[in-house]
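J.: could you work out the structure for the sequence below:
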Amino acid sequence: MERACDSHAGYKHHVTKNYLIHLKQSLMDICCREHLHQIDLLAPAGKKITDWEYHAGQRGQKKLDERNRQLRADGLTPRKMVFQTQKDFLRSAIEDAAAVSCSQEDFQKLLFEIYNVKLKVSRGRFSYLHPERNKHITGRMLGTHYEEDYLRELFKENAEPKENKKKTVDMEKYNTESEKSAPHPSNLLQGEAISILFIKSDLRLVANLQDCVKAQQNAAYANKVKLSNLKEMAKTVAYIQEHGYDTRDSLENSFSEIKNHAFTSKKDLKSVEDNLWKVNEQIHYTGQYLANKPVYQKFVKAKNKGQFRQEHPTEIALYEAARKFLKGQSADGKLPSMKLLKAEKEKLVQQKKEAQKTYHYYRDYQKELNTVCSNVDKILGQPNTRQPEKQKSADIS
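T.: Below you'll find the model as predicted:
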């Protein structure tokens, strides 16, 4: 009896598989006969949009249009004209980040820093956490172009041109060649001598027993802190000898120099981020302009413009708002090219990565030298004049 059931199940699976193959072949034959584009209806969609998501987007756009009409009635200009579902937002963020990422680490970092989207990898599957959600959305729910296999192939394609470049040691972790057309933040590293090359150590601050309540109450814990302080003092002495600081003034001068570099690199990073934000805004409005341009052209040619505007209020309003914004951003009145904007964005994303490396380099170097200076003061028995850790972090972060 069991053999009969197994045989029946196997036969059923075989028939189903052959049926699907037959259907697929029939569809291809129809496409060829009717001179239509061949579409694989049995393969998963690259961008998967369910019926529920489609209608949710329609309802959201309707509510947004109503809210924008109220804002215009009050004499205000709406900032957001196109409604995006959470899945649409994730798709846009993933596409932008994947286009310039050469590895999973780069992709994960860009998603979080630019779009505040968290990537989770579990059992070889990518899932994404929207900033307004508590539960991840799997790449499978978004489409095959947002899953691990497709994205990893894209990362390899992006990394291929870079693999042919000649690699240098140590300093290339923090600086790359800058383009002549615009100042590059990593030039700070390129222009400095090897003497400031920084490799982070495990050096820690020497604890102050007078400020430690637990050490004053517990003798055993106090001895443990004293032993730890002796180790850190020994590390500090070794650090000074290794880096060739002959006097206290030379150490302080080095700290001041690195602090200035950290401040400058922070300003450079902020400048690149501001430029990237402006380009992203231009890309948004350019896409909005191009998407609604055909409807507006029909509106211009329409005999009854009032009726046409009533029939297409959203498209016309989106077009006019985008055109107004783009002309306001253009010095000569010409609208920007989407191709040039995307190329500029890709360049700025790369500059931001380099600027972050430069800033983090000097920030960590400043923290370490601040620790060394504080420990030297305690070793020499001098009063501690260093800034508190929280205040110092606030100044350079």
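
J.: pass me the low-pLDDT residue ranges in this structure, would you?
T.: By pLDDT under 70, the low-scoring segments of the chain are 1-45, 161-199, 209-210, 383-397.

J.: strands of that one, start to end?
T.: Ranges of strands in the chain, per DSSP state E, are 118-122, 125-129, 137-138.

J.: with respect to residue 349, which of the ones you listed lies nearest?
T.: strand 118-122 (16.7 Å; C-beta to C-beta). Backbone N, C-alpha and C define where each C-beta goes, glycine included.

J.: how much does that closest one deviate in direction from strand 125-129?
T.: Calculated by axes from the mean of the first three to the mean of the last three C-alpha atoms, to 10 degrees, strand 118-122 forms an angle of 150 degrees with strand 125-129.

J.: quick one: contacts for the nearest residue to residue 235 once chain neighbours are set aside?
T.: Leaving out its chain neighbours, the residue that sits closest to residue 235 by C-beta to C-beta, 6 or more residues apart in numbering is residue 203, at 5.5 Å. Residue 203 is in contact with 232, 235, 236, 239, 368, 371, 372, 375, counting by C-beta atoms under 8 Å, 6 or more residues apart in numbering.

J.: so what's the residue count around residue 101?
T.: For residue 101, the count of nearby residues is 23 (other C-beta atoms under 10 Å).

J.: quick one, phi psi at it?
T.: The phi/psi pair for residue 101 (degrees, to the nearest 10) reads phi -100, psi 140.

J.: residues in contact with the nearest residue to it once chain neighbours are set aside?
T.: Leaving aside its sequence neighbours, residue 101 sits nearest to residue 107 (C-beta to C-beta, 6+ apart; 3.9 Å). Neighbour list for residue 107: 97, 98, 101, 119, 151, 155 [criterion: C-beta under 8 Å, 6+ apart].

J.: now for those, which pair is the farthest apart?
T.: So, those by C-beta to C-beta: farthest apart are 119 and 155, at 12.7 Å.

J.: list the contacts of stretch 285-301.
T.: Contacts of stretch 285-301 (C-beta under 8 Å, 6+ apart): 81-82, 305, 308-309, 312, 315-316, 318-323, 325-326, 335-336, 338, 341.

J.: of these, just the buried ones, PyMOL syntax please.
T.: Here is the PyMOL command that selects only those of the contacts of stretch 285-301 that count as buried (16 or more other C-beta atoms under 10 Å):
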select buried, resi 81+82+308+312+315+316+318+319+321+322+323+325+326+335+336+341
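
J.: show me what contacts residue 103?
T.: 155, 159.

J.: returning to that earlier point: can you redo the contacts of residue 107 as a markdown table with distance to residue 222?
T.: Converted to a markdown table, the contacts of residue 107 look like this (distance: C-beta to C-beta, whole Å):
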| residue | distance to residue 222 |
| --- | --- |
| 97 | 51 |
| 98 | 55 |
| 101 | 51 |
| 119 | 46 |
| 151 | 54 |
| 155 | 53 |
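
J.: look up the closest residue to the residue sitting nearest the centre point of the chain, ignoring the ones flanking it.
T.: Nearest to the mean C-alpha position of the chain, counting by C-alpha atoms, centre = their mean, stands residue 110 at 2.1 Å. Leaving out its chain neighbours, the residue that sits closest to residue 110 by C-beta to C-beta, 6+ apart is residue 97, at 4.1 Å.

J.: and the one you found, how close does it get to residue 211?
T.: 45 Å (C-beta to C-beta, to the nearest Å).

J.: out of those two, which sits in the more crowded spot?
T.: residue 97 (23 against 8).

J.: wait, the more buried one touches residue 114, no?
T.: Yes - contact criterion C-beta atoms under 8 Å: residue 97 and residue 114 qualify, at 7.0 Å.

J.: pull the CA atoms of stretch 339-359 into PDB?
T.: Output in PDB follows, covering the C-alpha atoms of stretch 339-359 (Å, rounded to 0.1, in the frame of the first residue of the first chain):
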ATOM      1  CA  LYS A 339      22.900  60.800 -15.700                       C
ATOM      2  CA  LEU A 340      25.200  63.600 -14.500                       C
ATOM      3  CA  LEU A 341      23.500  63.700 -11.100                       C
ATOM      4  CA  LYS A 342      23.900  60.000 -10.500                       C
ATOM      5  CA  ALA A 343      27.600  60.200 -11.500                       C
ATOM      6  CA  GLU A 344      28.000  63.100  -9.100                       C
ATOM      7  CA  LYS A 345      26.300  61.100  -6.300                       C
ATOM      8  CA  GLU A 346      28.500  58.100  -6.900                       C
ATOM      9  CA  LYS A 347      31.600  60.400  -6.600                       C
ATOM     10  CA  LEU A 348      30.300  62.000  -3.400                       C
ATOM     11  CA  VAL A 349      29.500  58.700  -1.800                       C
ATOM     12  CA  GLN A 350      33.100  57.600  -2.500                       C
ATOM     13  CA  GLN A 351      34.400  60.900  -1.100                       C
ATOM     14  CA  LYS A 352      32.300  60.400   2.000                       C
ATOM     15  CA  LYS A 353      33.800  57.000   2.600                       C
ATOM     16  CA  GLU A 354      37.300  58.400   2.300                       C
ATOM     17  CA  ALA A 355      36.300  61.400   4.500                       C
ATOM     18  CA  GLN A 356      35.000  59.100   7.200                       C
ATOM     19  CA  LYS A 357      38.200  57.100   7.200                       C
ATOM     20  CA  THR A 358      40.300  60.200   7.500                       C
ATOM     21  CA  TYR A 359      38.100  61.600  10.300                       C
END
